[in-house]
Structures are given as C-alpha cells and as structure tokens.
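Asker: Sequence first, then the predicted structure, then my questions.
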Amino acid sequence: MPDGCGIRAIWIFSNFDAVIFSRRFPVVERRWRTACKIENDRCNSDDIASDVSPVLPNDSELAAAFVERKKREGSACGFGIRVIQSYEGSDSWVDDPITRHIIGLHVKKEEESSIFLWPLILNIKSHYSILVLPLVEPQHIKHYASLCKRSDCGSAIGAESSLSSLLLDLPSITGAFMVALAIGDVITGDAVEPDVLVSASPSVGGLLDSLTGSMGISGISARAKPVASPSSSVNPSTNTVAGALNSDAPRPLDKDALRSFISSSMPFGTPLDLSYTNISSIKVNGFSSSDPPPADVKQPAWKPYLYKGKQRVILTIHEIINAAMYDRDEIPDKISVSGQINCRAELEGLPDVSFPLAGSNKARIEGLSFHPCAQVPEHGIDKQAVMFSPPLGNFVLMRYQAVCAAGPPVKGFYQLSMVSEDKGAFLFKLCLMEGYKAPLCMEFCTVTMPFPRRRIVSFDGTPSIGTVSTTEHSVEWKILASGRGLLGKSIEATFPGTIRFAPWQIQRLHSSSPVTPSVEEVDSDVEAETASNVVNIEEFLMEKMNKDLPPVELEEPFCWQAYNYAKVSFKILGASLSGISVDPKSVSIYPAVKAPVEFSTQVTSGDYILWNTLDKCPSVASETI
C-alpha cells in the first residue's frame, strides 16, 4: 500500500443522528479493495478477517451503528474507560482515552454478517458529528480488533500490543484528524482569518486610504478597521457556510460549498491543502502569472501563488484577558492573558520578514508557539527575534500566554443578597483603568448580571455613571458606551439597586433538568439503583455530579451557585497588557523593499468574572472558570 494519507469516506451527522452529508473516494477505495485481496490471500484464517470488508456500508446502515454505539458507550464520543456496561469488542473495552476520538463501528449488513469499520476519526463541532475514515492496512484493523477482546485493561507503557504503539505506525490518522478539524471549522464558520487592524492615525496617510478603499469603505473613520481577506466578499456561497451556523439553532449546510472545499483540498481523497484561506484565494485570484521563483528558492506550501501588487505589512497584537475577581482575603484573584500576533504581509516574491519582539524581557510569558512559517533562534526569551516567510492573507504568527503586567483594568466588588424569597438587593463598586496611562484607552465597558433560573419582574436602581437595561433574565449596565472611550485616566463607578423576581418554584431533578435536588430528595438507595440500572454512562455521571453539589438555600434561591456572578465586557486599545510590542521601524524585509509597516494592538475581555462576595461557596463557582 502506498505511503501517505488517503481518505476513504467522510460522513456528517446532525444532532438528530441522521447523515446529512457523505462523500466517498473511489480512487482510495480501489486501493483498499486491493489491500484486502492481498491480505485475504496471505491469511487463511477467517476469525478476524471476516470483519474486514472490502466495501463501505450505506448511510442508513452507518447511522444505525453510530446510534447503537452512542447508547452503548454513553455518548457520541464515549469516555474511553472500561466500566460495568462495557462488553468485549467495544471501544471502551480497550480502556484507552484516545477511543473518545478514534472509534470503531460494528455495522450490520442485511445480507452479510456485520463488518467492522476502524479507525473512524470523530470530531464533534457545534450541532454536528464528523466522521472521517482514513486508509490503513487490513492488518492494523485486525490488530485493533484483537485489542478489543483482550482480558487486561489499559495500555502498559512501551508494550508492543498497545493502542499507542499501533497508532504510531499510522501517520494517516494524523492527516484524518486535520481533515475532520478543517471540515468542522468550515461548516461552523470558524474557518475565518484573524482580524488585522490598522490604526487610523494621521501618520498613516496613503496606506490607510488604500486599505479602507480596498474594503469598500467610504471615508475614513476615527477607529481601527479590520483588514479582510480579498476572497471574503466575492464568494457568497462561502459566506453562507461561514455564517450559517453561528446561532444556537442548527441550520442547513451549504452542501455545494462544502463539496467544493473537499474537492479542492483533497482531490481523489488525498489531502493536499486544508487551508480554507488558500483555497478561497486561489479560486478568486487564480495562480500567480508572475515569473516563478528562482530555482534555489523553495516555494512553501502555505504560499501556493505569489502576490503581485502594492506591498505592505500589517501587524496586530490581540490579547484576551480572563479573570476571576473575588474581593476576598482568603481567595486570591486570578488574572491571565492569552495573546496572539496577527499578520498580513502583502509582499511580492518570497521575502523573509524579521523583527525583535519588544517587551519580551519584561513580560512574564508562560507559553509560546509560532506559525510553521516562522524561524525562532534559541537564545532566550529576553532576546526574542522572529523571522518568517509570510503566507497569503491574514494569519496568526505567534500565540502566547502571559501575566497581566499592569493589574486588572476593572476591579472592585459585587454583592448580591436576598431581602426576601423573591427580592434581591445588589451593590457594585468598581474602578476602571486604575494605574493605566495613555496611550491605553478603554473603548467600552459593560457589566451583565445573569439570572438564568429566575425571571425578572421589576428593577430599581440608578448607577453613578452609564445606563441600565433589563431583559427577563439579565440586567446590563453600560458603564462606557461605544464611542465614548476612557483615555489616560481612571474612574470610579457605583451601582446600588434591587430586583424583584417571579415567584420561586422548586423543581425536582430529572435527567433533562439541571436544577439541584434538595437533601430530602436524595438518599443512599438511589445511587445504588442508578448504578445498576442506568446504561447511559453520561447521564449516570451527570446525575451523580448534581447530587454531590450542596442544595440551594432559601437565602439565594435565584441562583444555582455557579451562576452567582456578574460578567464584565470591555475593549482596550493603544497597547498590550502583557507588555509585548513590535516597533514598526525595527521590521526588516529581505530582499529589501519599500513597504510600509503598520502596527496596532487591542485587548478584549474573555471570561472576566466578578463573583458575588456574599456567596457562601465561591470555591465551587471558581471551578467553572
């Protein structure tokens, strides 16, 4: 069998366990049938060979097998551990967590005995389950089938007959994982380029005019603009796939766009380029008509055609700050920064771009990774320099984890207590941008109090600054509205108030209800009965977890503890919070070319949580961060 990755088939399931898209690759299937014939001629034994079928099942047969496995293993992905409900021949019998993502299916045929499909790469994305079947040799399937029938549990380190040792001999599985992830990103709209922002300062001049003009924007706004991919606005079918599944409710797939992506990225079942950006750009712009690169210069896979046009380099640092603020002496606040450097280098030919990473000697970087196009000398983080051969379009050059060097941009406390069973009193006292100086500017800031288990009837309260709006299950306080930024100074904001809720109704716990049961509803006999009767492992574990949580008391019936918080959303422009920066004057291009370099930064909030300081059990809530 030839080396490399070949894909036999792809299936996409809806959340109703129905096959809504499938694609088979006849060229790879012919290679599989040839391999089966050779293996059957070599081996006269029929004990395991009978399960290895030279043909694929139809969609209905595969769907039935997938549903049967869901019921048997506890969920679509399984738990990868051998439990009481496991039986010989199942994935969980192997007792290896990797079987959550690499599964096998026993498919029942109408006229034949059941066939065994393995390895099926499972990627669950949004409302969809994606199965990808790569090409492996029949002997590898027989090896895995024998692992599903052995008596011992787990995989000993270094053992020859372990699942890990088997997977090391199958590089095609890695390729199949990349295919499954790429398809998941396409159908859910995650296959989009990162934003690259351009600072709208007067010094930019003609560069800003060209950028805004290429995006079809009339006039120049005072705010930074994201630079889009040249193909993002000319292919409506692609936009349908990218935006069709952003809502919670599943929507029909754009099957034509999906077929187009599969045909272009893996013709005849062989993955060549799984970059959605590259494929979209090639369809719009075609391959470069310019002269090919010199013979001694290798054209990288991430740049399938050469750029021709006005040259420019744009760099953006985008940081996301996550925080859990308790305002308690016994519980320290937790703040972390996740950052990335986004780049767009529209340069002719195959040049190299390099620059020193300013501030890396002061920033407390805890994790660092680079795009495959980058080369990073190993001489310490305090002298970090980056050199790369840029691909096409917007891409993430570097990702990092760091500590917030300037302190929390929003700090203070949030208190909430129940005056009565249906009335709560709250108080906010916050300080924004304390210790932050220009050019750091907070563009907007909003605080939201969620009450997912209580319906708001009335609200009373006036903040010292900003406006307030309410919905049935939340209160939103806009401290700084968009367009009225806070530059070079700090402000204090207070917000006292009261909320009235609809009458509280105690609900009993069912398999579909997340409400915690009272102490009287739980006894020791229920756990033993559940363990012996429940076949669905996922439901059993969820029920056990819910019973382990302490009951909600009448003092705070609006909340299930983990919801006892307020969430802060904001955006900060002007500089990074980690201290990492790029000096546009230090960016060099080889061979030398006159290309303007623009640099900008933005910081946005992720999970920035103010926990209720009156909460009796904040340690339980903190585990949800």
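Answerer: Arrived safely, thanks for sending.

Asker: So for the chain, the centremost residue is which one?
Answerer: Asp190 (8.2 Å; CA atoms, centre = their mean).

Asker: Let me know whether my guess that Ser576 is in a strand holds.
Answerer: No: the assignment for Ser576 (DSSP: H, G, I helix; E, B strand; the rest coil) gives coil, which keeps it out of a strand.

Asker: Next one: the residue nearest to the centre of the chain relative to Leu315, how far apart?
Answerer: 23 Å (CB to CB, to the nearest Å). Every C-beta, even on glycine, is put in place using the N, C-alpha and C of the backbone.

Asker: cool, and Tyr87?
Answerer: Applying CB to CB to Tyr87 and Leu315 gives a distance of 56 Å.

Asker: List the contacts of the residue nearest to the centre of the chain.
Answerer: 125, 184 (CB atoms under 8 Å, 6 or more residues apart in numbering).

Asker: mind checking pLDDT for the closest residue to Lys423 other than its chain neighbours?
Answerer: For Lys423, ignoring the flanking residues on the chain, the nearest one in space by CB to CB, 6 or more residues apart in numbering is Arg500 at 5.2 Å. If you check Arg500, the pLDDT there is 90.

Asker: Over to Ser155?
Answerer: Confidence score, pLDDT, at Ser155: 61.

Asker: same question, the one 4 residues further on
Answerer: Predicted confidence (pLDDT) for Ala159: 54.

Asker: start at 7 instead
Answerer: Right, with 7 as the first residue, what we last looked at is Ala165.

Asker: number of nearby residues for the nearest residue to Pro357 once chain neighbours are set aside?
Answerer: For Pro357, ignoring the flanking residues on the chain, the nearest one in space by CB to CB, 6+ apart is Ile595 at 5.3 Å. A total of 19 residues lie near Ile595 under the criterion other CB atoms under 10 Å.

Asker: Tell me who's in contact with Ile595.
Answerer: Per CB under 8 Å, 6+ apart, neighbours of Ile595: 319, 353, 357-359, 601.

Asker: Which helix or which strand is home to Leu436?
Answerer: Assigned by DSSP states H and E, Leu436 belongs to strand 429-438.

Asker: Check which helices and strands that strand sits against.
Answerer: Here strand 429-438 touches strand 416-426, strand 447-456, strand 480-486, strand 497-507, going by 3 or more CB pairs under 8 Å, 6 or more residues apart in numbering; DSSP states H and E.

Asker: where along the protein do the helices fall?
Answerer: Using DSSP state H, the helices assigned to the chain run over residues 32-48, 65-79, 97-100, 144-153, 169-174, 177-194, 212-220, 242-249, 261-271, 282-291, 530-539, 543-554, 624-628.

Asker: so how far is the second one off the chain centroid?
Answerer: To tie it back to what came earlier, the one meant is helix 65-79. Per CA atoms, centre = their mean, to the nearest Å, the displacement of helix 65-79 from the mean C-alpha position of its chain is 26 Å.

Asker: re earlier: list the pairing partners of the strand holding Leu436 within its sheet, with orientation.
Answerer: Using DSSP bridges, the strands paired with strand 429-438 are strand 416-426 (antiparallel), strand 497-507 (antiparallel).

Asker: can you list contacts of the first one?
Answerer: Judged by CB under 8 Å, 6+ apart, the contacts made with strand 416-426 from elsewhere in the structure are 331, 333, 339, 430-438, 440, 451, 455, 504, 560-564, 570-572, 574, 576, 614, 616-620.

Asker: So for stretch 379-393, first residue to last residue, what's the gap.
Answerer: 9 Å (CA to CA, to the nearest Å).

Asker: er, stretch 473-482 actually
Answerer: Per CA to CA, stretch 473-482 runs 8 Å from first to last residue.

Asker: again, but for stretch 470-481
Answerer: 16 Å.

Asker: Pull out the buried positions in it.
Answerer: For stretch 470-481, the neighbour count (16 or more other CB atoms under 10 Å) marks 472, 481 as buried.
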